[in-house]
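> what's the 3D shape of this:
(chains A, B, C and D)
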There are 4 protein chains.
Amino acid sequence: MLKVAVVGASGYTGVELIRILHNHPEVAVTTVTSEQSAGKKISAVFPSLRDRYDIQLEALEPEKIAAKADIVFTALPHKAAMAVVPTFLDKGCKVIDLSADYRLHDAAEYASWYEEHLNPELLIHAVYGLPEVRREEIAGADLVANPGCYPTSVILGLMPLLKEGLIDTGSIIADSKSGVSGAGRGAKVDNLYCEVNEGFKAYGVGGVHRHIPEIEQELSLLAGKGVVISFTPHLVPMDRGILSTVYATPKKGVTAAQLQSLYEEHYDGEAFVRVLPQGNFPSTGFVRGSNFCDIGLTVDQRTGRIIIVSALDNLVKGASGQAVQNMNIVCDFPETMGLELIPIYP
Amino acid sequence: MLKVAVVGASGYTGVELIRILHNHPEVAVTTVTSEQSAGKKISAVFPSLRDRYDIQLEALEPEKIAAKADIVFTALPHKAAMAVVPTFLDKGCKVIDLSADYRLHDAAEYASWYEEHLNPELLIHAVYGLPEVRREEIAGADLVANPGCYPTSVILGLMPLLKEGLIDTGSIIADSKSGVSGAGRGAKVDNLYCEVNEGFKAYGVGGVHRHIPEIEQELSLLAGKGVVISFTPHLVPMDRGILSTVYATPKKGVTAAQLQSLYEEHYDGEAFVRVLPQGNFPSTGFVRGSNFCDIGLTVDQRTGRIIIVSALDNLVKGASGQAVQNMNIVCDFPETMGLELIPIYP
Amino acid sequence: MLKVAVVGASGYTGVELIRILHNHPEVAVTTVTSEQSAGKKISAVFPSLRDRYDIQLEALEPEKIAAKADIVFTALPHKAAMAVVPTFLDKGCKVIDLSADYRLHDAAEYASWYEEHLNPELLIHAVYGLPEVRREEIAGADLVANPGCYPTSVILGLMPLLKEGLIDTGSIIADSKSGVSGAGRGAKVDNLYCEVNEGFKAYGVGGVHRHIPEIEQELSLLAGKGVVISFTPHLVPMDRGILSTVYATPKKGVTAAQLQSLYEEHYDGEAFVRVLPQGNFPSTGFVRGSNFCDIGLTVDQRTGRIIIVSALDNLVKGASGQAVQNMNIVCDFPETMGLELIPIYP
Amino acid sequence: MLKVAVVGASGYTGVELIRILHNHPEVAVTTVTSEQSAGKKISAVFPSLRDRYDIQLEALEPEKIAAKADIVFTALPHKAAMAVVPTFLDKGCKVIDLSADYRLHDAAEYASWYEEHLNPELLIHAVYGLPEVRREEIAGADLVANPGCYPTSVILGLMPLLKEGLIDTGSIIADSKSGVSGAGRGAKVDNLYCEVNEGFKAYGVGGVHRHIPEIEQELSLLAGKGVVISFTPHLVPMDRGILSTVYATPKKGVTAAQLQSLYEEHYDGEAFVRVLPQGNFPSTGFVRGSNFCDIGLTVDQRTGRIIIVSALDNLVKGASGQAVQNMNIVCDFPETMGLELIPIYP
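Down below sits the predicted model:
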């Protein structure tokens, strides 16, 4: 059994990692950390875990933790992650980082959207962990930058079109909607039940959300040229789920049937991407709790635009599930191990 | 006191009409109809009304109803409305029709999206009841076609841009999201609590939603030329509210500040359109229960696109509130009469 | 126009007071205070109010505020209220206090559930503001202690039984359920959307909730002897509403029909208590946004127990609506003025 | 691999059975039936299953199904179940029946709450499948009557008290609250999203809910004498979960600490009952998706009453999970096999 540490276990991605890893036959979660709850049992923070995970939360002492873990998942806020990741690597741990700290390859880009990077040399060392795009690189990585939730939905939605060069890359608009767990577990008025419930809103409007550089970096690599997109995130009154509605103009006329074939071929053999039958479109409700990304697509006959709709569970394929998928690849386990869970419905 | 009949009072727009009209000092709801619940008190169908509206639901006999009403609100499904509206008009009633039956001016267009129209001659007689666009025509109308919920949000969001000719009219994408009350009160599995809750989905993807011809008709009139748009509706797990995120490419560079001024001037004096301060964007939560349409806007510096976000309560400004606003105009009451309610929050 | 100050206007009861008073023809809200948001417009804190209430929030300086208000609503946490109420009274303002500070008549009781009272002499001076119980005393009061939300639902549910001496007063169990707005607008992890949504729980189990002494005080006065009850509050994943299911054993056999008559007679003429027809039971959904308390009742034939179910909107009849009702009585306005709003449904 | 048939697979308990059995290493779901959707793939009815379960729904032909199944789960409405169960038994299948048809031992009792029983001789043959009560009988059964969701929560909550004879059996009040999935997937106005959301209500008030005879039968057996209770169910606007708040008067004084020990000892070794630490009470949110029943308890010092709060997921421990637990016992698999899933949170 590989020993796993979950660093930052008192947030939603942390507890989700534990839920998923509990189902994994080859690893055991042996160490969990939390700054604000160190000393408490994790089951006191998340009573859902009682009788299954009653281990104690520790303070984040990287060297101590590295000494007892083979794999470290860092589920920390950005900046906090890059402060400790180098130590884990130095001590020989494999690291799957769920923060944004190693997703961008370019230090200047990181600085312009976040702040100065503490260890910019690792930016090219880390592998962007979207298995459907770069499975082979991930296999040899010791530091995997686990993608953001929005980027996963947008990139998987557009990959076939960009690889085939079918669309005007300046025409992409991604209108994305997320459940509230994506906002984390911090005590903020904005995320109170009564502030969120029965309301739907856009935020980060106008090209200012920090997931944009990550999306554009990956889309550009797929397209083989610079891609700039419009991206608008929205908040949905529900716990889990991201759905992205993506619009793009094809270079020349294309039919829905042609696109359907393209997507089905492209994702043939991918365990976690389900291309829905023509005329079907996804709902976050049908991927909840699972590692699936569901994709539906069509062509608007009246405007000629391609419309792609992709849906995933932001805490699973958008975070912890994908992290486990990456761990499986890094550790040479079957890629679906521990991730075969069927969505919970309703 | 004018006597009002609400035809089709057992649906959500019906009960909302009653709620709003209860607050109106110049009219009294004296007649309510329902095919499936005729004979019952309306308070048996909607216990919220108990002790305030205990009148009996009648079957829909147009001549009988016309005889005892000055104003008739038809809150019926399409087709059912056009079967009775002519009778109400013949008998001298003013009609505010909340169905889709008189919104399109062109009978062929109606036929292609719905079915053959029963009284196509009324299509040019009816006035499309968006007061912010054609207040004066409404004032003289005896048949007002109350706009759809999605169209109201999209048209109000785009009107200043189109009137000023600032955008490439082929570039418009409206990504709209609605609460569940928009789907009506019919007993369908798709609208069950457990089917909708904790799920977010697109529907009518690819330019097939019946609100499209209505939106395009009005946008075309505003632009002075044919406008074709991409429109994708989505279902949000909440009772009320529509939010539309609208993307458009300006003909030439424009700043957010310029747009802000344009919108503030354009909607200056409009009681129910609130242009939010720059950098603010609406939430459906802040218009719930009110007749407001809130609009926020910006320019995405990176792509040059204009982004407009508009929000309204689909049952109020998107249906019954706007219907009362139209009634006020038709009857020469102050336009805000009965509609001064502040949004309910939370 | 009477001038009204809302002290503590940045919470949910504060904004609800403003919503309701906006509908009141005889008063105007001229002063609003907030410690944390002083200097901001209240519409910046609650965008729902934009264009209707854009007045500025002030710091809480009691003398200054008293000088420009006829009526003061104190919507503060307990302790904060009793620190300022005496000043308002000294300066000649009428005070409707929405906190718990003046609800108990006994200083020792207050101390045992809360802390030492700062002005215990006011405890017997204040009038417990449940109009259906003591309308006449309220009429002459200058300090009204507005009842708690749970107590309103339980007391109204039991009043006829206790006044008639029909039940074993030792047998009362009140199992109450509240929406989340009752927990206030403070930034706490426990009230985050994802912590509350899709979960239902009890809290304050075992006779420890601070509304207990208030309920028992009033029930004892109605019964003419000491009443001790079991009371368990629960949290429901919804914004608004309280529903109490109350169990009691009759002294001798009683039929549902007899109880129905008793309740209908008892509440005959009460504008805001709706005794539902036999066999009907309330839902919080049918009182939302209104000042109604709906009551349904029956007798369990198998056990002989009486079961009363009462429902109200915790922010209206359970707080701000009742406060306005009290203001109307104190100021000799019609008791329903500004409170005629029909529940919003859905 | 044992072959499993899920009869009635297009409802919520059906799809939940499939979700759980997918995780079970010793069985395979090979047959699924649905009257209204026969001929469709089950993944067309529940897109959550796509790519994992794409088998076709069959019509309910008992002999044909029996021929290809070792175990049959009947997830049918009452009456429909007893029409087919005898055939499955005759053909040698083991049956876990999730309907109410075999839960009562007494045919007259069944007739008085439901209708005439079609095969009353099976009522004493069937075993009431609450493993924590009668594990050994279940082991030898060929027909297990899977308990109702409410009964499971109430019986597990009271078992230790009744077995020890600690309470006045006439004093029991169970106030229970359920999520909406308990109402099934039928197309009814009452279960529409907008009818349920933001509302909380009681139903079946006054001792008329059909789960009562089942609860009383089991409580009476535990107590060794007839037990009659008051039971009130409520509907909570959430998908899953049941929480029961149970009140009982002890025969003589008892402390919370004594009860705590009693419950901990009683449930020691039970894999799916978690007795929470003193002072902790359950939330449905912390058992969601799992087979746990969480129990918290205390004594109200002021009234002497015992208060037990139990929570479970109505679709898992309240239906399909418990059915799999029963199957494990019947088939001599480890009792927790396939049921080790940690609750999903949030």
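> and the residue of chain A most remote from its centre, what does it touch?
Within chain A, the residue lying farthest from the chain centre (CA atoms, centre = their mean) is A:Arg302, at 33.9 Å. For A:Arg302, the contact set (CB atoms under 8 Å, 6 or more residues apart in numbering or on different chains) comprises B:Gly207, B:Ile212, B:Val228, B:Ser230. Yep, even glycine has a C-beta here, placed from its N, CA and C like the rest.
> Check A:Gly206 too.
A:Gly206 neighbours (CB under 8 Å, 6+ apart): B:Ala256, B:Thr298, B:Val299, B:Asp300, B:Gln301, B:Ile307.
> ok, the first one - how many residues close by?
This points to B:Ala256. B:Ala256 is flanked by 17 other residues according to other CB atoms under 10 Å in any protein chain shown.
> and if you look at the third one?
By the criterion of other CB under 10 Å, B:Val299 has 21 neighbours.
> thought it was touching B:Gln278?
No. Here B:Val299 lies out of contact with B:Gln278, judged by CB atoms under 8 Å, at a distance of 10.6 Å.
> what touches both of those two?
In contact with both B:Val299 and B:Gln278: B:Ala256, using CB under 8 Å, 6+ apart.
> if I look at the residue farthest from the centre of chain A, how far off is B:Thr245?
Distance of A:Arg302 to B:Thr245, computed by CB to CB, to the nearest Å: 19 Å.
> What mean pLDDT does the helix or strand that contains A:Ile307 get?
Here A:Ile307, judged by DSSP states H and E, is contained in strand A:306-312. Summarised as a single mean, pLDDT over strand A:306-312 is 98.
> Kindly provide the distance from A:Cys93 to chain D.
A:Cys93 sits at a distance of 25 Å from chain D (criterion: CB to the nearest CB, to the nearest Å).
> just to revisit the earlier point, for the strand holding A:Ile307, what is the distance to the chain centroid?
Distance of strand A:306-312 from its chain centroid, counting by CA atoms, centre = their mean, to the nearest Å, is 16 Å.
> and that strand, which strands flank it?
strand A:242-248 (antiparallel), strand A:293-299 (antiparallel) (DSSP bridges).
> Nearest approach to B:Ser220 belongs to which of these?
strand A:242-248 (20.9 Å; CB to CB).
> returning to what we had before: among the contacts of A:Arg302, which lie within strands?
Secondary structure from DSSP state E places B:Ser230 of the contacts of A:Arg302 in strands.
> just the contacts of A:Arg302 now: which is nearest C:Gly241?
B:Ile212 (38.1 Å).
> Could you list the buried residues of stretch A:200-215?
By 16 or more other CB atoms under 10 Å in any protein chain shown, the buried positions in stretch A:200-215 come out as A:200-209, A:211-215.
> For those residues, work out which two are farthest apart.
A:Phe200 and A:Pro213, at 26.1 Å, using CB to CB across those.
> close to chain C, is the helix ranked longest in chain A?
With secondary structure taken from DSSP state H, chain A has its longest helix at helix A:149-163. No. Helix A:149-163 lies out of reach of chain C by CB under 8 Å from any CB of the partner chain, never closer than 14.3 Å.
> quick check: angle from that helix to strand A:293-299?
50 degrees (axes from the mean of the first three to the mean of the last three CA atoms, to 10 degrees).
> Using CSV, write down the CA coordinates of helix A:149-163.
Provided in CSV are the C-alpha atoms of helix A:149-163 (Å, rounded to 0.1, in the frame of the first residue of the first chain):
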residue,chain,number,x,y,z
CYS,A,149,-12.3,22.9,-12.6
TYR,A,150,-13.4,25.4,-15.3
PRO,A,151,-10.3,24.7,-17.4
THR,A,152,-11.0,21.0,-17.4
SER,A,153,-14.5,21.5,-18.7
VAL,A,154,-13.5,24.0,-21.4
ILE,A,155,-10.4,22.3,-22.6
LEU,A,156,-12.0,18.9,-22.9
GLY,A,157,-14.9,20.6,-24.7
LEU,A,158,-12.7,22.2,-27.3
MET,A,159,-9.8,19.8,-27.7
PRO,A,160,-11.0,17.9,-30.8
LEU,A,161,-11.9,21.1,-32.6
LEU,A,162,-8.5,22.7,-31.9
LYS,A,163,-6.4,19.7,-32.7
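> avg pLDDT for it?
98.
> Mind listing what's buried along it?
A:149-162.
> helix, strand or coil for A:Gly318?
Following DSSP: H, G, I helix; E, B strand; the rest coil, we place A:Gly318 in the helix state.
> Please report how far it lies from chain D.
14 Å.
> Could you pull up the residues touching that residue?
Counting by CB under 8 Å, 6+ apart, A:Gly318 has contacts A:Pro147, A:Gly148, A:Cys149, A:Tyr150, A:Thr152, A:Ser153, A:Gly182, A:Ile242, A:Leu312.
> Max pairwise distance over those residues: which two?
The span of the contacts of A:Gly318, defined through CB to CB, is set by A:Pro147 and A:Gly182 at 13.2 Å.
> Between those two, tell me which one has more neighbours.
Neighbour tally, A:Pro147 and A:Gly182, criterion other CB under 10 Å: the higher count belongs to A:Pro147, 30 against 23.
> any idea how far the closest residue in space to A:Ala311 that isn't next to it in sequence is from C:Val7?
Distance criterion CB to CB, 6 or more residues apart in numbering or on different chains; nearest residue to A:Ala311, sequence neighbours excluded, is A:Pro282 at 3.7 Å. A:Pro282 sits 50 Å away from C:Val7, taking CB to CB as the criterion.
> Count the neighbours of A:Pro120 for me.
Every residue meeting other CB under 10 Å relative to A:Pro120 is counted, giving 15.
> can you count the residues close to the nearest residue to it once chain neighbours are set aside?
With CB to CB, 6+ apart as the criterion, A:Pro120 has its nearest non-adjacent residue at 3.7 Å, and that residue is A:Ala107. Close neighbours of A:Ala107, defined as other CB under 10 Å, add up to 16.
> about what we covered before: ok, so of the contacts of A:Arg302, who is nearest chain D?
The closest of the contacts of A:Arg302 to chain D turns out to be B:Gly207 (CB to the nearest CB; 22.9 Å).
> so that closest one touches B:Pro233, yeah?
No. The criterion here is CB under 8 Å, and B:Gly207 misses it with B:Pro233 at 11.0 Å.
> can you count the residues close to whatever residue of the stretch 51-200 of chain A ends up closest to chain B?
Chain B sits closest to A:Gly199 of the stretch 51-200 of chain A, with a gap of 2.7 Å, by CB to the nearest CB. Number of residues near A:Gly199 (other CB under 10 Å) recorded here: 27.
> doesn't it fall inside a strand?
No. Looking at A:Gly199 with three-state DSSP, it is coil, so not inside a strand.
> How about the contacts made by the closest residue to it other than its chain neighbours?
Closest residue in space to A:Gly199, ignoring its immediate chain neighbours: B:Gly285 at 2.7 Å, by CB to CB, 6+ apart. The contact partners of B:Gly285, taken as CB under 8 Å, 6+ apart, are A:Glu195, A:Glu198, A:Gly199, A:Phe200, A:Lys201, B:Gly241, B:Tyr345, B:Pro346, C:Ser48.
> For chain D, state which of those residues is nearest.
For the contacts of B:Gly285, the nearest to chain D is A:Glu198 (6.9 Å; CB to the nearest CB).
> Surely the closest one is in contact with B:Asp239?
Yes. At 6.3 Å, A:Glu198 and B:Asp239 qualify as touching, with contact defined as CB under 8 Å.
> which residues do these two both contact?
B:Gly179, D:Glu198.
> Please verify my assumption that A:Ala42 contacts A:Arg50.
Actually, residue A:42 is Ile. It isn't Ala. No. Counting by CB under 8 Å, A:Ile42 does not reach A:Arg50; the two are 9.6 Å apart.
> which residues do those two both contact?
What both A:Ile42 and A:Arg50 touch, as defined by CB under 8 Å, 6+ apart, is an empty set.
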